[in-house]
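In: what would the 3D arrangement of this be:
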Amino acid sequence: MANAAIQFNTEPYDASIPRPMGRNSAGEGFLRGFLHHADVDRLHLWNLYDQEQGELEQLVQRLGPPRQPVEWLGRGDRARLTEAGALYIPTPELRGEAWARRAFGATAYSLTGVTHTIAETYIMDEIAGLLTAPVESWDALVCTSEPGRRAVETLLDEVAGYLQERFGATRIPPAQLVTIPLGVHADDFRLDPAARAVWRERLGIPPDAPAALHLGRMSVGTKMHPGPMGIALQEAARRLGAPVYWILFGGARKTEEEEAFLAAAAAFCPDVHLCPVGDTSAETRDEIVSAADVFLSLSDNVQETFGLTPLEAMAAGLPCVVSDWDGYRDTVRHGVDGFRIRTVTPRPGLGSDLAYAYAQRLVTYEAYAGSAALLTAIDVGEAAEALTALFTDADLRRRMGAAGMRRARETFDWRVIIPQYQALWAELARRRLAADPQAPMENPYRLDPFRMFEGYPTATLAGMDMVMLDRPLAVGEASALMDRHSVRNTAARLPTDSEIEAVVARLTAGPRSVAAVLAEIPAERRPFVERGILWLAKFGIVRLRGV
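Out: Residues are numbered from 1 along each chain as shown. From the prediction side, this is the model:
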């Protein structure tokens with residue numbers, strides 16, 4: 001099966017951090033799934049950001065341990081990505097790597113990235129940049145849901161139209177988009193009667209009282225507004241004529257965000273008992289599903305592209321009441337695993353003022369996403385009907401819960417998702433190997449400084465220019481002079497001490513042309529020694545004379 005190197009640092013793959021984001025949970029799930037289910041002979045982990053390797057190994061051991069040998073690639077080992085054949089990037093940020101790959105030839109390896117939120121300006125710019133970056137047909141951006149893919153296509157279509165109008169572009173290679181959903185480790189979740197009793201007692205919920213569960217980060221502006229959920233629960237409680245309990249698990253990155261979310265929730269359902277869990281550990285998340293009868297998530301935010309929490313609830317066997325929104329549409333089947341509640345937004349064109357203010361930084365991302373959410377209507381009456389039906393019909397809850405559990409295992413378990421990535425990498429490898437090999441090329445946006453600034457100096461060094469020692473030097477004197485800290489720079493890739501001494505020794509017999517000096521240097525080292533002649537001249541070891 002095809003393999004890929006993993007662009008690796010702990011942040012995208014560690015959901016054990018306090019108040020993790022959805023992408024942290026998704027990244028940890030992917031890496032854990034890859035370690036357990038990838039059919040590969042070795043793991044290629046690329047430490048691009050020079051993180052302490054012990055920290056990386058600790059995360060791998062916690063999520064693994066790996067079954068295969070691990071090949072660690074350092075920051076400067078980009079050329080070794082060819083060993084894996086592909087690179088997995090845990091974001092949509094492909095364009096920078098496409099330009100970096102150009103130095104090794106575009107056919108050196110394939111690139112794949114994955115979408116999470118796509119509403120932030122820098123991510124929009126990254127996606128739009130795929131149209132002008134050297135992205136090839138053997139590269140792909142994985143979209144985690146069909147609605148998310150449609151949003152990416154809309155953005156790319158609009159940018160392509162601009163390029164055609166502005167520059168008369170007639171050939172704009174399309175970015176390769178592939179839909180592969182996020183996954184879930186289904187066996188992590190189950191409904192446990194013992195955990196149900198413990199948590200209901202801890203939260204003050206009577207054994208048979210109806211309870212809905214909200215899982216996820218609490219943010220009114222960038223996750224979902226709790227108002228529609230509160231209104232639907234309030235109406236369900238009225239119809240039942242009995243207390244309803246709302247279990248809230250997730251927290252927020254900032255205390256004030258969590259407080260604002262809970263205050264908004266309480267304001268819309270004064271007769272519903274709110275039960276904030278407080279603890280946001282993975283262990284509590286795995287247990288708290290057992291305390292509920294129904295999973296409730298009425299997402300309304302453009303921040304979302306997939307939504308893992310319905311899958312986690314389905315894996316445990318909870319029926320779902322979710323908004324008919326983005327990736328939820330790909331996971332929860334209406335009337336089978338639960339109910340999807342109708343959502344309505346303004347028609348295209350009525351958000352131009354929001355887009356302008358966001359583009360000009362007149363409003364924050366939170367204000368942009370939150371404003372769009374406030375203008376997204378969710379049918380709260382329909383949600384109340386769904387909740388009431390599930391609260392009053394235990395058999396319906398069991399049927400829908402069982403259907404969701406099967407779907408989570410058969411369609412969305414990581415053991416099913418990881419082979420889809422490997423199949424993608426195999427197809428990309430087939431395309432790449434069928435293409436004509438491409439020679440290394442320069443990045444025109446980041447030129448060789450001696451090309452871009454060629455007009456700055458009096459002259460450039462030529463092969464016929466003569467090089468001579470400034471004065472006689474004792475053996476080792478030149479190396480000692482050039483070993484001073486102030487004249488060395490790692491990035492300059494200067495000549496070695498032995499190369500310095502070799503050049504000085506040849507010049508002792510008299511002046512020689514640059515070409516003659518280089519003729520006796522191994523071919524692979526000539527560019528560095530040629531530059532080094534100027535370095536020696538800069539600090540008075542040699543002198544130059546043009547012809």
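
In: low-confidence regions, the chain specifically.
Out: Applying pLDDT under 70 to the chain picks out residues 547.

In: please parse it into its domains.
Out: Domain ranges of the chain: 5-182+418-434, 186-410, 449-545, per automatic domain parsing.

In: quickly note the distance from Val277 to Ala232.
Out: 20 Å (CB to CB, to the nearest Å). C-beta coordinates here come from the backbone N, C-alpha and C atoms, glycine included.

In: who has more neighbours, the two?
Out: More crowded of Val277 and Ala232, by other CB atoms under 10 Å: Ala232, with 29 against 22.

In: quick one: the helix or strand in which Ile247 is found to chain centroid distance?
Out: Here Ile247 sits within strand 245-249, counting by DSSP states H and E. Strand 245-249 has its average C-alpha position 30 Å from the chain's average C-alpha position, going by CA atoms, centre = their mean, to the nearest Å.

In: CA atoms of it as CSV?
Out: Provided in CSV are the C-alpha atoms of strand 245-249 (Å, rounded to 0.1, in the frame of the first residue of the first chain):
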residue,chain,number,x,y,z
TYR,A,245,-31.8,18.4,31.6
TRP,A,246,-29.1,19.7,29.3
ILE,A,247,-25.6,18.3,29.8
LEU,A,248,-23.0,20.7,28.5
PHE,A,249,-19.5,19.3,27.9
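
In: elements contacting that strand?
Out: Applying 3 or more CB pairs under 8 Å, 6 or more residues apart in numbering; DSSP states H and E, one finds that strand 245-249 contacts strand 211-215, helix 227-240, helix 255-268, strand 273-276, helix 282-288.

In: one more time with 7 Å, if that's ok
Out: Contacts defined by 3 or more CB pairs under 7 Å, 6 or more residues apart in numbering; DSSP states H and E place strand 245-249 against strand 211-215, strand 273-276, helix 282-288.

In: that older thread, may I see the domains of the chain organised as a markdown table, with distance to Pro440 added?
Out: Formatted as a markdown table, the domains of the chain follow (distance: least, CB to CB, whole Å):
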| stretch | distance to Pro440 |
| --- | --- |
| domain 5-182+418-434 | 5 |
| domain 186-410 | 35 |
| domain 449-545 | 13 |
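
In: show me the contacts for the residue positioned nearest the centre of the chain.
Out: With distances taken as CA atoms, centre = their mean, Thr91 lies nearest the centre of the chain, 2.2 Å away. Counting by CB atoms under 7 Å, 6 or more residues apart in numbering, Thr91 touches Gly113.

In: same check, this time on the one 5 residues further on
Out: With contacts defined as CB under 7 Å, 6+ apart, Gly96 has no neighbours.

In: sticking with it, tell me its helix or strand.
Out: Going by DSSP H and E, Gly96 is in helix 95-101.

In: tell me which strands the helix or strand that comes right after that helix pairs with, and in which orientation.
Out: Per DSSP H and E, helix 95-101 leads on to strand 110-114 as the next helix or strand towards the C-terminus. In the sheet, strand 110-114 lines up against strand 86-88 (parallel), strand 140-143 (parallel) (DSSP bridges).

In: send me strand 110-114 as CSV with only the CA atoms.
Out: Taking Å, rounded to 0.1, in the frame of the first residue of the first chain, the C-alpha atoms of strand 110-114 are listed here in CSV:
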residue,chain,number,x,y,z
SER,A,110,3.1,14.2,-4.1
LEU,A,111,1.5,16.6,-1.7
THR,A,112,-1.7,16.2,0.2
GLY,A,113,-3.4,18.5,2.7
VAL,A,114,-6.7,18.5,4.5
